[in-house]
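[1] Return a 3D structure for these sequence lines:
(one chain, ligands or ions: 1)
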Amino acid sequence: MRTVISADELRTGIASLARRLETHYQGQPVMIVGLLNGSLLFLADLVRELRIPVEYDTLRVSAYRGEATTAGAVRVEVGHVPPVRGRHLLLLDDILDTGATLQAVTELARGWGALSVRTAVLLWKRDRTRAGFLPDEYIREIPDVFVVGYGLDYNRKYRQLPKIVEFDPSIPAARQGLPS
Ligand code: XMP
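    Reported below is the predicted structural model:
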């Protein structure tokens with residue numbers, strides 16, 4: 001099993017992210033909205049680390065990359081709109097790949113009346129990200145490899161791992177040190 005970020009590195013990375021956010025928000029309250037399901041563990045650990053007033057909520061997003069859309073385009077369906085009017089909004093996701101998901105959600109969120117909208121991700125596949133959209137905050141840049149753990153899944157499995165590891169779906173899970 002090839003570790004991309006150990007549990008210790010996640011702890012220290014999230015702690016330093018929290019310090020950067022405290023500096024950015026200067027004691028102002030922030031509404032943190034985690035994209036389901038991948039950002040749940042990240043959200044839970046980040047809010048417990050922050051020393052500024054925080055509210056949090058989640059957003060279920062269905063992203064479709066169908067033939068009917070242009071390459072990389074994502075249609076986002078949002079069920080419940082979190083109460084962000086008049087608040088600073090921080091959107092959290094597990095990973096920024098092409099950037100299509102978070103870009104679409106950011107554009108939607110700008111219409112919800114937040115004072116500001118920022119994004120933070122655990123991992124950034126910078127080489128795959130299309131031009132024009134960058135995360136405001138990220139913990140680690142990674143190459144274009146598929147990863148699981150700490151919220152990230154393969155067919156809904158492995159989200160519960162305390163660290164993030166590389167996963168190759170073409171190799172049996174047991175041979176990669178993971179339960180099948
Ligand atoms: P975009 O391209 O919209 O994609 O930035 C973001 C979403 O793609 C999923 N994703 C992954 N999920 N391991 C995963 O478990 C990966 O290596 C990976 N790369 C992208 C993820 O759902 C993310 O929210």
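
[2] Show residues contacting stretch 121-136.
    With contacts defined as CB atoms under 8 Å, 6 or more residues apart in numbering, stretch 121-136 is touched by 4-5, 10, 13, 39, 42, 72, 92-100, 102-103, 106, 118-120, 137-144, 147, 150-151, 164. Every residue, glycine included, has its C-beta placed from N, CA and C.

[3] which of these come close to the ligand?
    Contacts with the ligand within those, counted by CB under 6 Å from any ligand atom: 93-100, 147.

[4] Model confidence for residue 127, exactly?
    Here, the pLDDT recorded for residue 127 equals 93.

[5] Based on its surroundings, how many neighbours for it?
    Residues lying near residue 127 (other CB atoms under 10 Å) number 9.

[6] helix/strand/coil for residue 174?
    helix (DSSP: H, G, I helix; E, B strand; the rest coil).

[7] so who does it touch?
    Contacts of residue 174 (CB under 8 Å, 6+ apart): residue 180.

[8] what residues does this structure put near the ligand?
    Within the chain, the positions near the ligand by CB under 6 Å from any ligand atom are 38, 74, 93-101, 146-148, 152-153.

[9] Am I right that residue 23 sits in a helix?
    Yes. Checked against three-state DSSP, residue 23 lies within a helix.

[10] Check the burial of it by counting its neighbours.
    Residue 23 has 9 nearby residues by other CB under 10 Å.

[11] could you check the distance from it over to residue 11?
    Residue 23 sits 19 Å away from residue 11, going by CB to CB, to the nearest Å.

[12] can you check residue 110 too?
    32 Å.

[13] try residue 109
    For residue 109, the distance to residue 11 (CB to CB) stands at 28 Å.

[14] Residue 54 too?
    18 Å.
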